[in-house]
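Enquirer: compute the structure for the input listed below.
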Amino acid sequence: MRDSSEFFASAASPALTSGDTPRGRPFAKGNPGGPGRPPGARNKTTVMLDQLAAGEVDAVFAQVAKAARDGNLKAAEMILARAWPRNRPLGFEAPALAGADDLPAALAAIAAALARGELSAKEAVAAMALVNNHSDALLRFKTLPPL
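Expert: Prediction:
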């Protein structure tokens, strides 16, 4: 019975075993993925689509903007989603969170900003979660008595 390494060596085609690198090791040590795409290179399809749309962007935007003005909510949503960033900075002054004594004032400031309409409910929940995380950190470092 023949050894398996002899079998595979005899079954390999010359094209796969010839060359400077052994079969199954086409790249130099320390370069497992080959040279890859050069920095700044763009996908050919993206380049082609950009060239096709280059003269049409203004016309398409004007048409979508007209549809939004005429009451098309989907068109308005498309424009507004790109006009305002999703994670915008919160527009209210929160008290500094230096220690445990600052937590109630921070929660009160968030609630007041929500009541005044400066924060949406979603933003207020995110801000309160931040205060809660700060409280958890204070507990971990034993600077806040357990509730």
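Enquirer: buried ones in stretch 113-128, by neighbour count?
Expert: 113, 114, 119, 123, 124, 127 (16 or more other CB atoms under 10 Å). From N, CA and C alone the C-beta is placed, and that goes for glycine too.
Enquirer: how about stretch 73-88?
Expert: Of all the residues in stretch 73-88, those buried under the rule 16+ other CB under 10 Å are 75, 76, 78.
Enquirer: packing partners of the strand or helix carrying the first one?
Expert: When elements are assigned from DSSP states H and E, residue 75 belongs to helix 73-83. Applying 3 or more CB pairs under 8 Å, 6 or more residues apart in numbering; DSSP states H and E, one finds that helix 73-83 contacts helix 57-69.
Enquirer: pull the residues that contact the longest helix anywhere in the chain.
Expert: Longest helix in the chain, counting residues (DSSP state H): helix 121-140. Under the contact criterion CB atoms under 8 Å, 6 or more residues apart in numbering, helix 121-140 has outside partners 90, 94, 97, 99-100, 103, 106-107, 110-111, 113-114, 119, 144, 146.
Enquirer: alpha carbons of that helix, as CSV, please.
Expert: C-alpha atoms of helix 121-140 as CSV (Å, rounded to 0.1, in the frame of the first residue of the first chain):
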residue,chain,number,x,y,z
ALA,A,121,-37.8,60.8,24.1
LYS,A,122,-35.1,58.6,22.4
GLU,A,123,-32.4,61.1,23.1
ALA,A,124,-33.5,61.4,26.7
VAL,A,125,-33.4,57.6,27.1
ALA,A,126,-29.9,57.6,25.7
ALA,A,127,-28.8,60.4,28.1
MET,A,128,-30.3,58.7,31.1
ALA,A,129,-28.5,55.5,30.1
LEU,A,130,-25.3,57.4,30.1
VAL,A,131,-26.0,58.6,33.7
ASN,A,132,-26.9,55.1,34.7
ASN,A,133,-23.7,53.8,33.3
HIS,A,134,-21.8,56.5,35.2
SER,A,135,-23.6,55.4,38.4
ASP,A,136,-22.7,51.8,37.7
ALA,A,137,-19.0,52.8,37.3
LEU,A,138,-19.2,54.7,40.6
LEU,A,139,-20.6,51.6,42.3
ARG,A,140,-17.8,49.4,40.8
